[in-house]
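> Need coordinates for the below:
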Amino acid sequence: MADFTDRVVMITGASGNLGSATGRAFLASGAKLALIDRHKDLLLQTYPELAEEPGCFMTSCADLTSLEDVNQVVMATIDYFGRIDVLVNTVGGYRAGAPLHETSINTWEFMIRLNARTVFVTTQSVTPHMLKQGYGKIIHVAARPGLKGAANASAYSASKAAVLRLVESASAELKNQGINVNCILPGTIDTPQNREASPDADYSHWVAPESLAGIIRFLASDEARDIHGAAIPVYGLS
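Predicted coordinates:
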């Protein structure tokens with residue numbers, strides 16, 4: 001297991017299923033944590049043992065699609081720790097079920113904002129600080145439909161395809177300056193919400209959040225220093 005002692009890891013969506021698994025994975029590796037979520041009370045419920053821990057900074061962000069809001073959170077983290085070594089952006093969502101010609105413009109805009117704009121904004125916000133350091137790791141969450149459009153999921157597929165292209169572009173711009181930018185492609189994640197939505201599924205084929213967190217932690221480690229612009233498939237048996 002890589003040692004992240006003295007590394008500062010910022011995790012967005014830190015109270016979610018994947019975000020909390022990721023936070024605990026880095027905590028076990030000695031990292032200092034900047035845990036970001038829309039509601040700070042959710043962070044306190046998720047990590048009650050860290051409420052008074054000086055190596056953990058918890059804060060809310062009103063809107064992760066807003067560069068101004070994200071800049072404020074990034075600067076607050078810099079003020080607290082002095083640096084950000086790793087950004088793990090787990091924010092995203094799924095909305096699908098209708099063919100393209102029946103998909104509302106609201107669904108289209110929601111998917112683009114939630115899945116693609118958050119990648120653009122968070123990467124743009126942390127990059128200047130990582131450039132000053134000459135070091136940084138940025139990991140986002142894409143999805144398999146981003147590789148190929150899926151029926152009845154046009155907006156979702158397009159938004160996740162945008163994640164892939166943003167990661168590739170940012171990596172091409174930053175890889176010679178000490179910054180790795182990569183993403184993961186999860187299969188169906190084994191969460192309570194997904195089990196409720198698919199009660200008859202074989203959950204053993206799904207991917208545990210802890211498994212994904214392990215891959216994210218690897219991408220944030222120095223062992224992954226030669227991986228740039230990659231989309232790592234983590235499909236389990238799905």
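> All the helices of the chain, residue numbers only.
Assigned by DSSP state H, the helices in the chain fall at 17-28, 40-46, 67-81, 105-111, 118-133, 154-174, 192-197, 209-219.
> how about these in CSV, adding distance to Y203 and mean neighbour count?
For the C-beta atoms, the positions are set from N, CA and C on the backbone; glycine is no exception. Shown next, in CSV, are these (distance: least, Cβ to Cβ, whole Å; neighbours: other Cβ atoms under 10 Å):
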stretch, distance to Y203, mean neighbour count
helix 17-28, 14, 22
helix 40-46, 22, 16
helix 67-81, 34, 17
helix 105-111, 26, 15
helix 118-133, 28, 20
helix 154-174, 22, 20
helix 192-197, 6, 11
helix 209-219, 13, 21
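> Which residue, neighbours along the chain excluded, lies closest to P209?
Residue nearest to P209 in three dimensions, not counting chain neighbours: A21, with 3.7 Å by Cβ to Cβ, 6 or more residues apart in numbering.
> for the helices of the chain, which one sits closest to P99?
The stretch from the helices of the chain with the least distance to P99 (Cβ to Cβ) is helix 154-174; that distance is 7.6 Å.
> re earlier: let me have the helices of the chain in CSV, extended by distance to L147 and mean pLDDT.
Output for the helices of the chain, formatted as CSV (distance: least, Cβ to Cβ, whole Å; pLDDT from 0 to 100):
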stretch, distance to L147, mean pLDDT
helix 17-28, 19, 97
helix 40-46, 31, 93
helix 67-81, 27, 97
helix 105-111, 16, 98
helix 118-133, 16, 98
helix 154-174, 7, 98
helix 192-197, 20, 93
helix 209-219, 17, 98
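> Parallel or antiparallel, list what pairs with the lengthiest strand in the chain.
Identified as the longest strand of the chain according to DSSP state E is strand 179-186. Here strand 179-186 has these sheet partners by DSSP bridges: strand 136-141 (parallel), strand 231-234 (parallel).
> Now distance to C61 too, for those, in a markdown table please.
Shown next, in a markdown table, are the strands paired with strand 179-186 (distance: least, Cβ to Cβ, whole Å):
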| stretch | distance to C61 |
| --- | --- |
| strand 136-141 | 16 |
| strand 231-234 | 25 |
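> who wins for proximity to F26 among these?
Of all the strands paired with strand 179-186, the one in closest proximity to F26, counting by Cβ to Cβ, is strand 136-141 (11.2 Å).
> Would you mind listing the outside residues contacting the closest one?
Strand 136-141 is touched from outside by 18, 84-90, 92, 119, 123, 126-127, 129-130, 163, 166-167, 170, 174, 178-184, 186, 216, 219-221, 224, with contacts defined as Cβ atoms under 8 Å, 6 or more residues apart in numbering.
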